[in-house]
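1. below are the sequence and a predicted model for it; my questions follow.
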Amino acid sequence: MSARRRKGIKKIGILTGGGDAPGINAVIRAAVKVAVNHYGIRVIGIEQGFGGLIEDRTRKLTTKEVMGILPRGGTILGTTNRDNPFHYPIRLESGEVEFRDVSIRVPETLAKHAIEALIVIGGDGSLKIASQLWEKYAVPVVGVPKTIDNDLSATDQTFGFDTALKTATEAIDKLHTTAESHYRIMVLEVMGRYAGWIALQAGLAGGADVILIPEIPFDIYKVCDKIKERSAAGKQFSIVVVAEGARAIGGEMVVKKVVEDSFEKIRLGGIGNVVGEQIEEITGIETRVTVLGHLQRGGSPTPFDRILGSRFGAAAVNLVMEGRFGEMVCLRTPHIASVPLVEAVGEMRRVPLGSDMVRMARQIGVSFGN
Ligand SMILES: Nc1ncnc2c1ncn2[C@@H]1O[C@H](COP(=O)(O)OP(=O)(O)O)[C@@H](O)[C@H]1O
Ligand SMILES: O=P(O)(O)OC[C@H]1O[C@](O)(COP(=O)(O)O)[C@@H](O)[C@@H]1O
Ligand SMILES: [Mg+2]
């Protein structure tokens, strides 16, 4: 510990950015406990993501503040998937919004509070900002990967994904019983942005008949063939799981919303209804659509996510104390490792078409609609 103390760090900051994910509070709790109890340093929480560093919203995080938060979903610090210091929305007197680079305020706020290192818990967007802050201002940052989408290539898994999967699987189980009773087709739309991990794995865990993911564009007639094949075999109901980023061959992804003051403006959603209507029209079988939405991001984290979050939180503080800035902690099963942030945000992890999970799914009769 004395060698680490020589690095001279006495105070660190923590912020959470992007969509929340169950397990964030486990990261914060572990980081605070390790910082305070093990290294004897202080922790400042930045509120509401990068906006907190721009608008100077901070609060002290003691071990008392993190008591009892392990099983809690969400983030006690608040978050946003809009604020980007390099592209920050400023509301003009005219009411119009203008984007400006206000990133200089980040090192200014950190200096004001004597914060010597910053732990950023976020997905690709937030970690890219962290990486830019490190490159442009040498802000001493360490990243912690977070997203229910599990779409970061640099880590075997992100926390939050397991909990989202549990929620989506339970939803499929529930849809099964009502689908079976009413001889209906049930379509479930799940999140995941441009990756199909939630749809694929929840679909497999819940025994879906059709799984539509962004990585495999579908043909609606092939989807209906599978449903008709089941009907012919006496199975009078079917479960179709659709990722929000799924699209028909030659078609576009369905956009639910354009968030103008966000850097990444597109919010996906709506493909479930499109697919549901087409299935009903083509097969003539009564079809209902459920959009699972933000239920997937809420609730108490699973044991896996609590433990992974805790491991990441502890590892992030260790990286800080070792002076290894510009890096992100990651899971290299069974170990916790680290990678440079630039590498971490470089590539999105999508479902590989040759993966054994896709192969197994096909072998047990799941249709991907192609
Ligand atoms: N490719 C990008 N480059 C720079 N900033 C980005 C990029 N994508 C998103 N951002 C910014 O990062 C923030 C968080 O991104 P988002 O994707 O919503 O969450 P996450 O951190 O979970 O990926 C957004 O507010 C946006 O301003
Ligand atoms: O909460 P919003 O703005 O509707 O965002 C929804 C998006 O956020 C997510 O839930 C999580 O994405 P991030 O981890 O990148 O924040 C996506 O699955 C979904 O597309
Ligand atoms: Mg993102």
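-> Looks like it came in fine. Numbers count the residues shown, from 1 in each chain. Ligands and ions are numbered 1, 2, ... in the order given.

2. what ranges do the strands span in the stretch 251-370 of the chain?
-> Under the criterion DSSP state E, counting those that start in this stretch, strands of the stretch 251-370 of the chain are mapped to 255-258, 266-268, 287-291, 327-332, 335-340.

3. closest one to Pro214 among these?
-> In terms of CB to CB, the element of these nearest to Pro214 is strand 266-268, at 9.0 Å. The C-beta positions use only the backbone N, C-alpha and C, and glycine is treated the same way.

4. make TSV out of the strands of the stretch 251-370 of the chain and add mean neighbour count, distance to Ala154 and mean pLDDT.
-> Below are the strands of the stretch 251-370 of the chain laid out as TSV (neighbours: other CB atoms under 10 Å; distance: least, CB to CB, whole Å; pLDDT from 0 to 100):
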stretch	mean neighbour count	distance to Ala154	mean pLDDT
strand 255-258	12	28	94
strand 266-268	17	23	93
strand 287-291	19	30	98
strand 327-332	22	5	97
strand 335-340	16	5	97
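
5. do you know which of the ones you listed lies nearest Val241?
-> Comparing the strands of the stretch 251-370 of the chain against Val241 with CB to CB, the closest turns out to be strand 287-291 (10.2 Å).

6. do stretch 120-128 and ligand 3 come into contact?
-> Yes - contact between stretch 120-128 and ligand 3 is present through 123-125 (criterion: CB under 5 Å from the ion).

7. among the residues you listed, which are in helices?
-> Counted as lying in helices by DSSP state H, out of the residues of stretch 120-128 next to ligand 3, are 124-125.

8. got a pLDDT number for Arg82?
-> pLDDT, the model's per-residue confidence, is 85 for Arg82.

9. and for the nearest residue to it once chain neighbours are set aside, the neighbour number?
-> Excluding its sequence neighbours, the residue lying closest to Arg82 (CB to CB, 6 or more residues apart in numbering) is Ser262, at 4.5 Å. By the other CB atoms under 10 Å criterion, the neighbourhood of Ser262 contains 18 residues.

10. how near is Ser262 to Thr75?
-> Taking CB to CB, to the nearest Å as the measure, Ser262 and Thr75 are separated by 18 Å.

11. how about Gly251?
-> Using CB to CB, we find Gly251 at a distance of 36 Å from Thr75.

12. which of these two has more neighbours?
-> Thr75 (26 against 13).

13. dump the residue contacts of that one.
-> Residues in contact with Thr75 (CB atoms under 8 Å, 6 or more residues apart in numbering) are 16, 20, 24-25, 28, 121.

14. ok, longest helix in the protein?
-> In the chain, assigned by DSSP H, the helix with the most residues is helix 161-182.

15. same for it, what does it pack against?
-> strand 185-190, helix 197-206, strand 238-243, helix 303-321 (3 or more CB pairs under 8 Å, 6 or more residues apart in numbering; DSSP states H and E).

16. figure out which of those is closest to Pro214.
-> Shortest separation from Pro214 across the helices and strands packed on helix 161-182 is recorded for strand 238-243, at 5.7 Å, computed as CB to CB.

17. the closest one vs ligand 2: in contact?
-> No - contact of strand 238-243 with ligand 2 is not found when judged by CB under 6 Å from any ligand atom; the minimum separation is 9.3 Å.

18. give me the contacts around that strand.
-> Outside of strand 238-243, the residues within contact range by CB under 8 Å, 6+ apart are 168, 172, 175-176, 179, 185-192, 195-196, 198-200, 202-203, 206-214, 223, 226-227, 230, 271-272, 275-276, 279.

19. try it again with 6 Å
-> Residues outside strand 238-243 that contact it (CB atoms under 6 Å, 6 or more residues apart in numbering) are 185-189, 192, 196, 199, 203, 208-214, 227, 230, 271-272, 275.

20. got the buried residues for the longest helix of the chain?
-> Neighbour-count burial for helix 161-182, with 16 or more other CB atoms under 10 Å as criterion, is recorded at 161-169, 171-172, 175-176, 179.

21. distance check, Lys64 against ligand 1.
-> Taking CB to the nearest ligand atom, to the nearest Å as the criterion, Lys64 is separated from ligand 1 by 28 Å.

22. for the residue nearest to the spatial centre of the chain, give its distance to ligand 3.
-> When the chain is reduced to its mean C-alpha position, the nearest residue by CA atoms, centre = their mean turns out to be Thr147, at 1.8 Å. In this view, Thr147 and ligand 3 are 6 Å apart by CB to the ion, to the nearest Å.

23. how close does that residue sit to ligand 2?
-> Taken as CB to the nearest ligand atom, the spacing of Thr147 relative to ligand 2 amounts to 3 Å.

24. nearest spatial neighbour of Ile211, chain-adjacent residues omitted?
-> Distances taken as CB to CB, 6+ apart put Gly203 closest to Ile211, at 3.8 Å, once the chain neighbours are dropped.

25. coming back round to it: show me which of the buried residues of helix 161-182 is closest to ligand 3.
-> Taking CB to the ion as the measure, ligand 3 lies nearest Phe161 of the buried residues of helix 161-182, at 13.3 Å.

26. how about the residues of the stretch 101-250 of the chain by ligand 1?
-> Applying CB under 6 Å from any ligand atom, one finds that the stretch 101-250 of the chain approaches ligand 1 through 122-126, 128-129, 147.

27. enumerate the residues of the chain near ligand 2.
-> Residues of the chain lying close to ligand 2 (CB under 6 Å from any ligand atom) are 18-19, 81, 123, 147-149, 191-193, 244, 267-268, 297.

28. can you tell me the SS state at Gly19?
-> With DSSP: H, G, I helix; E, B strand; the rest coil as the basis, the three-state label of Gly19 is coil.
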